[in-house]
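Undergrad: return atomic coordinates for the entry below.
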Amino acid sequence: MSDLDAHPEEALCEPTAGPGPVAELFPLREVPLGGVRGVYVERVLPQRDLPTVGAWCFLDHFGSPTVTTTGASPDIDPHPHIGLQTVTWPFNGRIRHRDSVGSDVEIEPGQLNLMTSGRGIAHSEYKVAGAHAGHGLQLWIALPGNSTGIEPHFEQHRELPVYEAQGLHATVLIGSLAGTVSPAKAYTPIVGADVRLDPGAEVTLPLERGFEHAVLVIEGEVTVGGTPLTAGPLLYLGTERDEIALTSTAGAHFALIGGEPFGEELVMWWNFVGRSHDEIVAARNDWENHNLDRFADIAGHSPDQRIPAPPLPALHLKPRKRRIGPARD
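TA: As a prediction, this is how the structure comes out:
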């Protein structure tokens, strides 16, 4: 899953200090992948007023039961990435992932699939024949400046650690949660977890005080630190929380993301995460000019299957600043 908008907006995500504990809801927006007749997803990050949560800079909920369906193929042809890690976390369905470093794997529920683009990678994602179209999350993690030039690589983790408390089961995808550490390679202090609450759960989840956190409900209802939350919007919790109280009458399934506030400017456009307009232009030119040193071909795909990059905007980007207010009653 990727950002295949034919007219992507360019955004400068400025570094910012943590705002302290807040409770801000950010709405989802439906986004068509690959044009108006494409597959739709629900996107909650980035937001105009919240471009990142820690190093997390992108969050799509695909295959949601409330999203528009068109019958279009979910297959995504070869396309490029720089400066980020992609996290694919399916709840059901099977996806075939192929990339320019030679990976050819099936992505299945319960497996973490982590692709680190570094200086440049290309990949494709196709539904496995006979399998469900799929339901899950696609996320991006921005690489810090000292890691953007690393060689691209791919990881698949079939066994992940679980943090458990009374009525709570949290699979730690990446980073650490309450002392439970994922084996996935992280380049910044971060946490990503798939959390399930039993019916009637009343539990306190420990958090890292220096992190900012956000919650996205996938299914059910949960009260998070006094804020009722259902599937759809992203609840941003800010920083300076040692723990968060969770209650759920009928049970709930949600994603928790967080990390140290990202202290670097980011330029995000199409499938690229960089530090300047010129860096994005160079990456686009390398893709369009079929620069094999940066974006090697993918076995099993012909060159004419490559998704062309959209045209760049005529103007240079403008800063995108956070506007996070005080906690709401």
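Undergrad: name the residue most distant from the centre of this structure?
TA: residue 200 (29.5 Å; Cα atoms, centre = their mean).
Undergrad: just the buried positions in stretch 22-41, please.
TA: In terms of neighbour count (16 or more other Cβ atoms under 10 Å), stretch 22-41 has its buried residues at 22-24, 26, 28, 31-34, 38-41. Every residue, glycine included, has its C-beta placed from N, CA and C.
Undergrad: what's the closest of the residues you listed to residue 53?
TA: Relative to residue 53, the closest of the buried residues of stretch 22-41 is residue 26; by Cβ to Cβ it sits at 10.0 Å.
Undergrad: hmm, the closest one is touching residue 229, no?
TA: No. Residue 26 is beyond contact range of residue 229, at 11.7 Å (criterion: Cβ atoms under 8 Å).
Undergrad: where do the contact lists of these two overlap?
TA: The contact sets of residue 26 and residue 229 overlap at residue 235 (Cβ atoms under 8 Å, 6 or more residues apart in numbering).
Undergrad: tell me the spacing between residue 231 and residue 79.
TA: The gap separating residue 231 from residue 79 is 28 Å, by Cβ to Cβ, to the nearest Å.
Undergrad: and if you look at residue 161?
TA: Residue 161 is 32 Å from residue 79, by Cβ to Cβ.
Undergrad: on that earlier part again, neighbour count: residue 231 and residue 79, which is higher?
TA: residue 79 (23 against 19; other Cβ atoms under 10 Å).
Undergrad: just give the closest residue to that one, not the sequence neighbours.
TA: Nearest residue to residue 79, sequence neighbours excluded (Cβ to Cβ, 6 or more residues apart in numbering): residue 307, at 4.4 Å.
Undergrad: residue 276 and residue 268 touch, don't they?
TA: No. Using Cβ under 8 Å, residue 276 is not in contact with residue 268; the gap is 11.9 Å.
Undergrad: please identify which of these two sits among more neighbours.
TA: residue 268 (27 against 13).
Undergrad: next SSE downstream of the helix or strand where that one lies?
TA: Using DSSP states H and E, residue 268 sits within strand 266-269. Downstream of strand 266-269, the first helix or strand assigned by DSSP H and E is strand 272-274.
Undergrad: quick one: low-confidence parts of the stretch 201-329 of the chain?
TA: Within the stretch 201-329 of the chain, the ranges that satisfy pLDDT under 70 run 317-329.
Undergrad: for it, what spans make up the helices?
TA: Ranges of helices within the stretch 201-329 of the chain are 277-288, based on DSSP state H, counting those that start in this stretch.
Undergrad: okay, strands next: where are they in it?
TA: Taking DSSP state E, counting those that start in this stretch to define them, one finds strands in the stretch 201-329 of the chain at 201-206, 212-224, 227-230, 234-238, 243-248, 252-259, 266-269, 272-274, 319-320.
Undergrad: of all those, which one is nearest residue 67?
TA: strand 212-224 (12.5 Å).
Undergrad: can you pull the buried residues of that closest one?
TA: 212-222, 224.
Undergrad: ok and it relative to strand 243-248, angle-wise?
TA: In terms of direction (axes from the mean of the first three to the mean of the last three Cα atoms, to 10 degrees), strand 212-224 departs from strand 243-248 by 30 degrees.
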